[in-house]
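Novice: Task: produce atomic coordinates for the following.
(chains A, B and C)
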Amino acid sequence: MKMEVLDEIFRRVLSSKIFTNRSSLRPDYVPDELPHRENQIKMLGSILAQALRGSRPSNVFIYGLTGTGKTAVTKYVLKRIEEKSLGFKTNFTYAYINCRQSDTPYRVLADLNESIGVRVPFTGLSRAEVYRRFLRNLDARKCVMIIVLDEIDFLVKRHGDDILYKLSRVNEDLLYSQASLIGITNDLKLTETLDPRIKSSLGEEELVFPPYNAVQLEDILRRRAKRAFRRGVLEPGVIPLCAALAAKEHGDARRALDLLRVAGEIAEREGAENVTEEHVKKARAEIERDRVVEVLRTMPLHAKLVLLSMVYLDNKGKTRTTTGELYASYVHICRELGVESLTQRRISDLVNELDMLGLLAARLVSRGRYGRTKIIELSVSKKTILEVLGKDERFSGVANL
DNA sequence: CGTCCACAGGAATGACGGGCGG
DNA sequence: CCGCCCGTCATTCCTGTGGACG
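Specialist: Numbers count the residues shown, from 1 in each chain, chains lettered A, B, ... in the order given. Below is the predicted model:
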């Protein structure tokens, strides 16, 4: 019986009425064309091509908001150079490190080791030791290495710029190998917080990725959709809607592609013949829910209580609130649940984290005589939060306040 | 033009669990 | 096994500050 059920699912997936190649909509897919990014490709390519001659390319700093193609362009260019380098005598290698996933100096160093095939324990060694191992092994390989640090702001904000400094000096400790850095960030103000020496070293070359506009997003979606979907399954309004929604979110192509893919998946699950605008709207809600689930999975209990407090205030008609107010109702909820409350200092950090993760929107305001505080708003719907948190029995009884 | 609110957010510290090398 | 070093969560204490009010 179970087998039949599965067979049915397999059959449906394998003979999709909607998709022909779903993977080309996935966020980690590197397409073989990157429309509207020709300039950036050319510039990055001409900088990094130095590696093919065996000399060290300049360090590059790449700015641009999320979903503007920074990662895709970088990976694309590196891939091409790697392919090309096979025909040359020079040894070329690169490491791609996402600092959101590897957000401590230790993990970055550990990843660097991994990328040149050196296994290191994921904790336990001193940083200095891991760094030393990396140097030794990199030098032994006698190569030109490009180190990509994506979403570098996560690393810097939490742990300062020490490793950046170290890495930007790495060539001084290398005899036979050379390394250059590519730093990618979506925080345009990041350089202000960096040590000027790092700033000048990392910013030997700078590349800016402007956001896509709705027209460009539509073009990108159409090209990918041609590959991903069966002919004619997309209703005419679907792509423009995805593009418009994403354009509102500062031209985020990843969001646009996610919307389109998830809309397709929903249509498929429903057994529909076509993907409709309705599916796109459902997709938007589903993506939001997944994001909340994902964030809350990794956040401590009290982050959830902070969100709950926001919902609580919202229910009382306060869509936007201040730090003090939020803290008061957080303490109230903690008492209600018999949980010990944390200090305001800690809550302030949690609010900042939730802000960075996009569940809250917090902005600093000065109200003169009436002090300086943060105006905090939910940036996901109450419904979603309660849906996600409602599953946790610890919160039962509070959720309906 | 100075004051002073209501916090922001940095620094130092500690408890804790995990994992290393020896 | 120990001594050491991590990263994470949290506290305590602290200095800094934009701008409306007086």
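Novice: and chain A, which residues reach DNA strand C?
Specialist: Residues of chain A lying close to DNA strand C by CB under 7 Å from any atom of the strand are A:103-107, A:123-124, A:126-128, A:158, A:300-302, A:340-343, A:345-346, A:349-350, A:366-372. C-beta here means a position set from N, CA and C on the backbone, and glycine is covered the same way.
Novice: Among those, which are located in helices?
Specialist: Counting by DSSP state H, the part of the residues of chain A next to DNA strand C found in helices is A:105-107, A:127-128, A:158, A:301-302, A:345-346, A:349-350.
Novice: about what we covered before: of the residues of chain A next to DNA strand C, buried ones?
Specialist: A:103-107, A:127, A:302, A:341-342, A:350 (16 or more other CB atoms under 10 Å).
Novice: These into a markdown table, with extra columns for distance to residue A:312?
Specialist: Output for these, formatted as a markdown table (distance: CB to CB, whole Å):
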| residue | distance to residue A:312 |
| --- | --- |
| A:103 | 31 |
| A:104 | 34 |
| A:105 | 38 |
| A:106 | 38 |
| A:107 | 36 |
| A:127 | 42 |
| A:302 | 14 |
| A:341 | 14 |
| A:342 | 17 |
| A:350 | 16 |
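Novice: okay, among those, which ones form the most distant pair?
Specialist: Spatial extent of these (CB to CB) is set by the pair A:127 and A:341 at 34.7 Å.
Novice: Could you pull up phi and psi at residue A:152?
Specialist: Phi and psi for residue A:152, reported as degrees, to the nearest 10, are phi -70, psi -20.
Novice: Secondary structure class of the spatially closest residue to it that is not a sequence neighbour, three-state.
Specialist: Spatial nearest neighbour of residue A:152, chain neighbours left out: residue A:183 (4.6 Å); criterion: CB to CB, 6 or more residues apart in numbering. Classification of residue A:183 using DSSP: H, G, I helix; E, B strand; the rest coil returns strand.
Novice: Show me what from the stretch 201-350 of chain A comes close to DNA strand B.
Specialist: Counting by CB under 7 Å from any atom of the strand, the stretch 201-350 of chain A sits next to DNA strand B at A:322-325, A:344-345, A:348.
Novice: Residue A:263 is in contact with residue A:25, correct?
Specialist: No - using CB atoms under 8 Å, residue A:25 makes no contact with residue A:263, being 10.0 Å away.
Novice: Let's have the ones in helices among the residues of chain A next to DNA strand C in TSV, adding distance to residue A:285 and pLDDT.
Specialist: TSV is the format used below for these (distance: CB to CB, whole Å; pLDDT from 0 to 100):
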residue	distance to residue A:285	pLDDT
A:105	38	78
A:106	38	80
A:107	33	81
A:127	43	76
A:128	48	78
A:158	31	66
A:301	25	89
A:302	26	92
A:345	35	94
A:346	31	94
A:349	29	92
A:350	25	94
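Novice: Make TSV from those residues and add distance to residue A:394 to it.
Specialist: TSV is the format used below for these (distance: CB to CB, whole Å):
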residue	distance to residue A:394
A:105	34
A:106	32
A:107	31
A:127	37
A:128	42
A:158	28
A:301	8
A:302	12
A:345	24
A:346	19
A:349	22
A:350	17
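Novice: Just give me the closest of those to residue A:330.
Specialist: For these, the nearest to residue A:330 is residue A:302 (8.1 Å; CB to CB).
Novice: what sits against the closest one?
Specialist: A:342, A:346-347, A:350 (CB atoms under 8 Å, 6 or more residues apart in numbering).
Novice: for residue A:26, same thing?
Specialist: A:257, A:261.
Novice: Strands of the stretch 201-350 of chain A, start to end?
Specialist: In the stretch 201-350 of chain A, the segments counted as strands under DSSP state E, counting those that start in this stretch are A:205-209, A:320-322.
Novice: could you say what helices and strands the longest helix along chain A packs with?
Specialist: Using DSSP H to define each element, chain A has its longest helix at helix A:277-298. Under the contact criterion of 3 or more CB pairs under 8 Å, 6 or more residues apart in numbering; DSSP states H and E, helix A:277-298 touches helix A:238-248, helix A:253-269, helix A:301-315, helix A:382-389.
Novice: wait, which of those is closest to residue A:290?
Specialist: helix A:253-269 (8.7 Å).
Novice: what separates that closest one from the chain centre, distance-wise?
Specialist: Computed by CA atoms, centre = their mean, to the nearest Å, the chain-centroid distance of helix A:253-269 equals 18 Å.
Novice: for that helix, which positions count as buried?
Specialist: A:253-268.
Novice: and the gap between the residue in chain A positioned nearest to DNA strand C and residue A:278?
Specialist: Taking CB to the nearest atom of the strand, DNA strand C has its nearest neighbour within chain A at residue A:368, 1.8 Å off. As for residue A:368, its distance to residue A:278 is 48 Å (criterion: CB to CB, to the nearest Å).
Novice: Does residue A:376 fall in a helix, a strand, or a coil region?
Specialist: strand.
Novice: ok, it - contacts?
Specialist: A:310, A:320-323, A:326, A:351, A:355, A:360-362.
Novice: Over to residue A:162?
Specialist: Per CB under 8 Å, 6+ apart, neighbours of residue A:162: residue A:105.
Novice: hang on, residue A:314 packs against residue A:383?
Specialist: No - between residue A:314 and residue A:383 there is no contact under CB under 8 Å: 10.9 Å.
Novice: Just want to know which of those two has more residues nearby.
Specialist: residue A:314 (17 against 12; other CB atoms under 10 Å).
Novice: Name the nearest residue to that one, sequence neighbours excluded.
Specialist: Per CB to CB, 6+ apart, closest to residue A:314 is residue A:382, 5.7 Å.
Novice: what separates the one you found from residue A:258, distance-wise?
Specialist: 23 Å.
Novice: ok, now residue A:354?
Specialist: 21 Å.
Novice: ditto for residue A:237
Specialist: With CB to CB as the criterion, residue A:237 and residue A:258 are 18 Å apart.
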